[in-house]
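A.B. asks: Structure for the following, please:
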Amino acid sequence: MKRHIAALLLLFMVTVTGRAQEVSGFFDRIDMGIDRIKYSKLDTNYIAAPKYKLMVAMVSKNAWSHDNIHIPFSWNDPDVYERYPGIEKYETEEILSRTNQSVAALRVSYCGLSLSYGFALNSSGSKRSLVVGSNGNKFGFKLGFERNSLSNARFRDYRYLPFMYEFLYSMYELGALERPYTIDEIAEHSVYERTDLIDEESEEQIGENDDWELDDVVHWYGNFYYAFNHRKFSMSAANYAQYIQRRSAGSFFVTGDVNYSRLHARDLLNMSEDTLETSREHFSAFGIALGAGYGYNWTPNKGKFLLHGSVRPTVNVYNRMDYDAYEWVEDEEGHRVKKKMERLENLNPLYDKKMKLTFGGVARVAAVWNITPRLVTGANVEYTIRDNRNASDYRLYHNRLNINVYAAFKFLRNKRR
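C.D. replies: Predicted structure coming up:
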């Protein structure tokens, strides 16, 4: 009986070992396929293949974001321009938000493919962010999502300039003011901080007392690059040292960027007496940009230390701007329903689909220190500009400065070396 049990155990171990080898061989074939797709033949005098294929990095991010949204409208009354000289300069309102974010993130990479998730350490920063990407020697991409608060935003409102002009002029005629105020002087005081736009004691009253609220702004983005000198220049070496740049080299790039931004607000422009709650407004922009650039990796000691710099300017080849507002009303049966609000005539510039030529891009500086084959640390600074607008100056402008510091650990020896 014992012999039979021992024989069965031996057969089981042989079977399991064989299956494990098959599984390992299966993943090795996947890795080989990834390499054939992602990487071209390397010049090993310049680029060394990675010793390990799994990397886990702990990242500390500090970012400064600037979101500037211009909202054009028109007075739709020829008499307005005659009665209030200079008022034509104020047909574009503005939302301005400058945000400082401190983010902790975890980044996991396997064979160059990576996933990063970050969460804000400060309440006024990004609520969450997610990035999927790959930094190959030949080509790479990054797809990301982030939602930023507008807790410190400012809103410049010009719609009430005629009313304020008339009111102040009547005060001057009654002797309450020493002189009448001009349109320009009144416009200088038409700036509201976000704390001025909400009723902190009773936020449910927003929209019923002609106050407004700014919620947040969402960014979906993706970018890619193709490096021409990919046999000698490794973008991957400058990003978490997934490859090792043995000798200094540079390369020209072609690059592209796709981005979608949407700002959420309540009752900024649309106010309806029939609305049961505050109206929900979406200011959105979609853009596609193409460009070219150059990057260089400098290494004085065969890849132990690396300093990288790159610039990738872009020009928008497609823009689409849009604006929608929604309200909650009662239907015939008394049920609360959400419906899209009718477009207002004085907001026609928001619906102008004609594209305006704009420029953007990414500039990056990075330092990488390969302490051991398993341990790498480094830092990078990245500055990004995205600028979408239509012919009527409806504009969503976003720039961002990222400063990242990280420590990464490598696992799973690469058997192909």
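A.B. asks: Just to be sure, Ala289 is in a helix?
C.D. replies: No. Ala289 sits outside any helix when classified using DSSP: H, G, I helix; E, B strand; the rest coil, being strand.
A.B. asks: beta partners of it?
C.D. replies: Beta-bridge pairing of Ala289 under DSSP bridges involves Asp257, Asn316.
A.B. asks: For it, give me its contacts.
C.D. replies: Going by C-beta atoms under 8 Å, 6 or more residues apart in numbering, Ala289 touches Gly256, Asp257, Val258, Asn259, Thr314, Val315, Asn316, Val317, Gly360, Arg386. In short, each C-beta sits where N, CA and C put it, glycine included.
A.B. asks: Can you select the buried ones from these in PyMOL?
C.D. replies: Per 16 or more other C-beta atoms under 10 Å, the buried members of those correspond to this PyMOL selection:
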select buried, resi 256+257+259+314+316+360+386
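A.B. asks: Make CSV out of the contacts of Ala289 and add distance to Glu93 and pLDDT.
C.D. replies: Shown next, in CSV, are these (distance: C-beta to C-beta, whole Å; pLDDT from 0 to 100):
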residue, distance to Glu93, pLDDT
Gly256, 32, 93
Asp257, 27, 93
Val258, 28, 94
Asn259, 23, 93
Thr314, 28, 94
Val315, 27, 94
Asn316, 23, 92
Val317, 28, 91
Gly360, 23, 92
Arg386, 21, 91
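A.B. asks: just the contacts of Ala289 now: which is nearest Ile244?
C.D. replies: Lowest distance from Ile244 to these (C-beta to C-beta) belongs to Gly256, with 27.6 Å.
A.B. asks: who are the neighbours in contact with the closest one?
C.D. replies: Per C-beta under 8 Å, 6+ apart, neighbours of Gly256: Asn223, Phe224, Tyr225, Ile288, Ala289, Leu290, Gly291, Thr314.
A.B. asks: ok, of those, which come out buried?
C.D. replies: Buried by 16+ other C-beta under 10 Å: Asn223, Phe224, Tyr225, Ile288, Ala289, Gly291, Thr314, out of those.
A.B. asks: got any ranges where the protein has weak pLDDT?
C.D. replies: For the chain, the stretches with pLDDT under 70 are 1-41, 123-127, 194-212, 270-278, 415-417.
A.B. asks: Paired strands for the helix or strand where Val218 lies, with orientation please.
C.D. replies: Using DSSP states H and E, Val218 maps to strand 213-227. Strand partners for strand 213-227, identified by DSSP bridges, are recorded as strand 139-149 (antiparallel), strand 249-266 (antiparallel).
A.B. asks: Relative to Gly175, which of those strands is closest?
C.D. replies: Closest of these to Gly175 is strand 249-266, at 40.0 Å (criterion: C-beta to C-beta).
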